[in-house]
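Chemist: The sequence isn't on hand, but the structure is:
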């Protein structure tokens, strides 16, 4: 413990004390332990960040505290959890229900699914007050509206009556926060509360949690996988891995001088926001060009007027052999629409897509067929983009077989490709579920490469992966590009990833290109307000994690961390 | 909402039109002379002539169709060939038992099956869940006439609590009415309870895995609130769909029950008409059944908009 290095809060009372907690699958003595001897404390007014990759047990820890583990499936079998002086592992269900929302509250990762879709949000907050207070309807309503104002929701009277689907992701998360804090609990558990949000929204939510914590003196247990977020919000940090605490310490101590190898590796895997050294300008041939590319969705209704939504407008970009072009933007910016138009998974409504000089934007399906193999795509979610009932070898071989390659030859080639993406040769006869997320993404890349494309489109291809795995897959893409001279079109919302892999960047917002140019220029000296805003919202931008030190602040950047 | 209602009703017109056309052609395109079919084997030439004139069979086909539709719209479904009574009167006399049984069955089913399904899902994997599932397998597997005869043997013959068979109109008092629909309702409910309990359980199991259920529990509200306010309403859409379709099926499928309990309903009317080739009655019954299906589907769709604010037409 290095708690003595923390700031003012070290004398504040301990609100949550988790001591030697073990949570297992079932109650048998040899049962597998998801949490294995975890100890941590959160003091009043303090933010403790629990950081770890998937499978580290960070979420299970928080669900154990809340008593929300799936009954009889996951069971706390050892240790003690003390909340404001009360032992809660031995508390009755009734007592736990009383403690929830009043003493401990929780917000979750997915604001899209965490609210009941068929109940107005005001009523959902009201339920908390009805369950735990004796206030009358008017007093409850006043208190809810006041809380909604505290979480900086606009037009609270209207939002009170709104259903979740009528609100944005950020607004829904504010509702969740209002619901969690309306009874001023002593402990707030936030489980990846900003992971599903855009960076600009994330920044607002993080500062909101900070401010409310300061005003109410709440103890915050903040769970995240994102070192950037840790750097923004933590007072102290607990690093978890495979159900165990690897390292605990004050934020500064952990970021500057991590004592454990695992923590060092984790930090070193965080891609830097500082763009990598630019490669010399290329005079290789242009393999992909779009000219004024646009996609308009028309919604026809039987009687009313047709509605039009422009998902992408006037996108012009150029990609040369062996280069990487990034399209960055937040959700709804149209970056995926552009990628899908280029691959012709959807049909553009205007403009041209030239693949090796030939316009493919208006070709019929049969006429498109010979061009398909020249451009291939890798999707975001490796758990859903591979057919679970087809072996890896057949998946990779399917494309070439469709283009007339004999089956035996295609399978042989699949074996070579698996070697190229650093998977064992015996992977060929196995099924996708036998592989981890990172390995599956390698399989997806091998599948795309099987057709020898000129252009590989990666649509958020590393976004679902843990940072350490992400770093490996990015290295792999880099290596493949060097060896095969393939051109990469890289779609991402993550500026750190873009900075490390792209030669040129296109920044999109609301379906339009805001700014484009060499990555080194755009990401260090942006000209457009929106690009600046994006960069400023990138969490942890003041830290150079891989080098365990703060970033030397650029002269024009005067904004302080939130 | 009102606009949607009007559009849906307008959209039902072509559907019913196609059904009417099919029903019309059913008779006209049957091989042989419709008049001969209608008149039966022992008809005299004069009778055949009379039928031809009365049906307008000497007119061109489209004129016949227009005349026929025109009559339908005025409530004239023709006259039964067997009893010479107007079809509309026959159906009017026979529809009450069927509607009564269908309604009471659906009500009983919902009251029993929905709670069973909710509890089974809540106690997923325990003996309660397995017990409910076992009951539903039994409900599915035993034919309705077997249940019917067993019920008659036990409650009517051995215990003498209820009459064996027959029907007494609701207009003649609730007591006798209830006594006579109790057993048919019970018999008919078995399979529907099995079906709806299963549906409810499956829908609830899906919903109970949702994040907002975890949120509701994290708020510290009591378990019945989680189940009823948060889970059941979200699980309701598929359940309502099956209940609605079940009701429509009941109307057209109660014939076995009506036979077992000797109820004068439209199920038996239809079967009798088919056996006797009483075409006007058959035609009217097809039209009526289609009309009920269209109406029930409309009601189901409208109920979606009440249950789920995301569904707007």
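Modeler: All right, it came through fine. As the structure is a prediction and not an experimental result, all values here were calculated from the model.

Chemist: Within the helices and strands, which one has residue A:36?
Modeler: Residue A:36 belongs to strand A:33-43 when assigned by DSSP states H and E.

Chemist: Now do residue A:299 against residue A:433, distance only.
Modeler: Separation of residue A:299 from residue A:433 (C-beta to C-beta, to the nearest Å): 38 Å. Glycine gets a C-beta too; all of them are placed from N, C-alpha and C.

Chemist: same deal with residue B:114?
Modeler: Taken as C-beta to C-beta, the span from residue B:114 to residue A:433 is 36 Å.

Chemist: can you check residue B:255 too?
Modeler: 50 Å.

Chemist: more crowded one of those two?
Modeler: More neighbours surround residue B:255 than the other of residue B:255 and residue A:433, with 18 against 10 (other C-beta atoms under 10 Å in any protein chain shown).

Chemist: Return the residues in contact with that one.
Modeler: B:267, B:268, B:270, B:271 (C-beta atoms under 8 Å, 6 or more residues apart in numbering or on different chains).

Chemist: Taking the stretch 51-200 of chain B, what residue is nearest to chain A?
Modeler: residue B:125 (8.4 Å; C-beta to the nearest C-beta).

Chemist: my guess is residue A:82 meets residue A:17, correct?
Modeler: Yes: using C-beta atoms under 8 Å, residue A:82 is in contact with residue A:17, at 4.3 Å.

Chemist: shared neighbours, those two?
Modeler: Shared contacts of residue A:82 and residue A:17, defined by C-beta under 8 Å, 6+ apart, are absent.

Chemist: quick check, residue A:19 in a strand?
Modeler: Yes: under DSSP: H, G, I helix; E, B strand; the rest coil, residue A:19 falls within a strand.

Chemist: the helices in the stretch 201-313 of chain B, which residues?
Modeler: Along the stretch 201-313 of chain B, counting by DSSP state H, counting those that start in this stretch, helices occupy B:211-218, B:223-225, B:233-253, B:255-260, B:266-275, B:279-307.

Chemist: What lies in contact with the fifth one?
Modeler: Just to be clear, that refers to helix B:266-275. Residues from elsewhere that reach helix B:266-275, judged by C-beta under 8 Å, 6+ apart: B:80, B:82, B:90-91, B:94-95, B:98, B:251-259, B:278, B:281-282, B:285, B:288.

Chemist: Counting neighbours, which of those end up buried?
Modeler: Among the contacts of helix B:266-275, those classed as buried by 16 or more other C-beta atoms under 10 Å in any protein chain shown are B:80, B:90-91, B:94, B:98, B:251-252, B:254-259, B:278, B:281-282, B:285, B:288.

Chemist: contacting residues around residue A:204?
Modeler: Residue A:204 sits next to A:152, A:170 when contact means C-beta under 8 Å, 6+ apart.

Chemist: Check the one 4 residues further on too.
Modeler: Applying C-beta under 8 Å, 6+ apart, one finds that residue A:208 lies in contact with A:151, A:152, A:174, A:177.

Chemist: quick one: residue A:69 and residue A:271, what's the gap?
Modeler: 34 Å.

Chemist: Those two - which one has more neighbours?
Modeler: More neighbours surround residue A:271 than the other of residue A:69 and residue A:271, with 21 against 16 (other C-beta under 10 Å).

Chemist: Next, count neighbours for residue B:151.
Modeler: 19.

Chemist: where exactly do the helices run in the stretch 101-250 of chain A?
Modeler: A:121-132, A:137-150, A:156-161, A:169-181, A:199-216, A:227-233.

Chemist: So for the fifth one, mean pLDDT?
Modeler: It stands for helix A:199-216. The average of the pLDDT scores along helix A:199-216 is 90.

Chemist: returning to that earlier point: buried ones in the strand holding residue A:36?
Modeler: Of the residues in strand A:33-43, A:33, A:34, A:35, A:36, A:38, A:40, A:41, A:42, A:43 count as buried by neighbour count, 16+ other C-beta under 10 Å.

Chemist: Any figure for the gap between the closest residue to chain B within the stretch 451-562 of chain A and residue A:494?
Modeler: The nearest approach of the stretch 451-562 of chain A to chain B comes at residue A:464, 17.9 Å away (C-beta to the nearest C-beta). Plainly put, residue A:464 is 11 Å away from residue A:494 if you go by C-beta to C-beta.

Chemist: tell me which parts of the stretch 1-150 of chain B are close to chain A?
Modeler: Taking C-beta under 8 Å from any C-beta of the partner chain as the contact definition, the stretch 1-150 of chain B meets chain A at B:3, B:7.

Chemist: try 7 Å this time
Modeler: Contact residues (C-beta under 7 Å from any C-beta of the partner chain) of the stretch 1-150 of chain B with chain A: residue B:7.

Chemist: Just the pLDDT for the closest residue to chain A within the stretch 1-150 of chain B.
Modeler: Residue nearest to chain A within the stretch 1-150 of chain B: residue B:7 (6.7 Å; C-beta to the nearest C-beta). If you check residue B:7, the pLDDT there is 83.

Chemist: what do you get for residue B:93?
Modeler: On pLDDT, residue B:93 comes in at 86.

Chemist: Tell me, how many residues neighbour it?
Modeler: 13.

Chemist: got it, and the one 4 residues further on?
Modeler: Neighbour count of residue B:97, defined by other C-beta under 10 Å: 28.

Chemist: Same question for residue B:118.
Modeler: 23.

Chemist: quick one: contacts for it?
Modeler: Contacts for residue B:118 (C-beta atoms under 7 Å, 6 or more residues apart in numbering or on different chains) come out as B:200, B:204, B:227, B:232.

Chemist: if we go to 8 Å?
Modeler: Shown in contact with residue B:118 (C-beta under 8 Å, 6+ apart): B:200, B:201, B:204, B:227, B:228, B:231, B:232.

Chemist: List just the nearest of these to residue A:349.
Modeler: residue B:231 (42.3 Å; C-beta to C-beta).

Chemist: Now that that closest one has come up, it's in contact with residue B:206, right?
Modeler: No: applying C-beta under 8 Å, one finds residue B:231 not in contact with residue B:206, separated by 9.5 Å.

Chemist: Compare those two (neighbour count), which wins?
Modeler: Between residue B:231 and residue B:206, counted using other C-beta under 10 Å, the more crowded position is residue B:231 (25 against 14).
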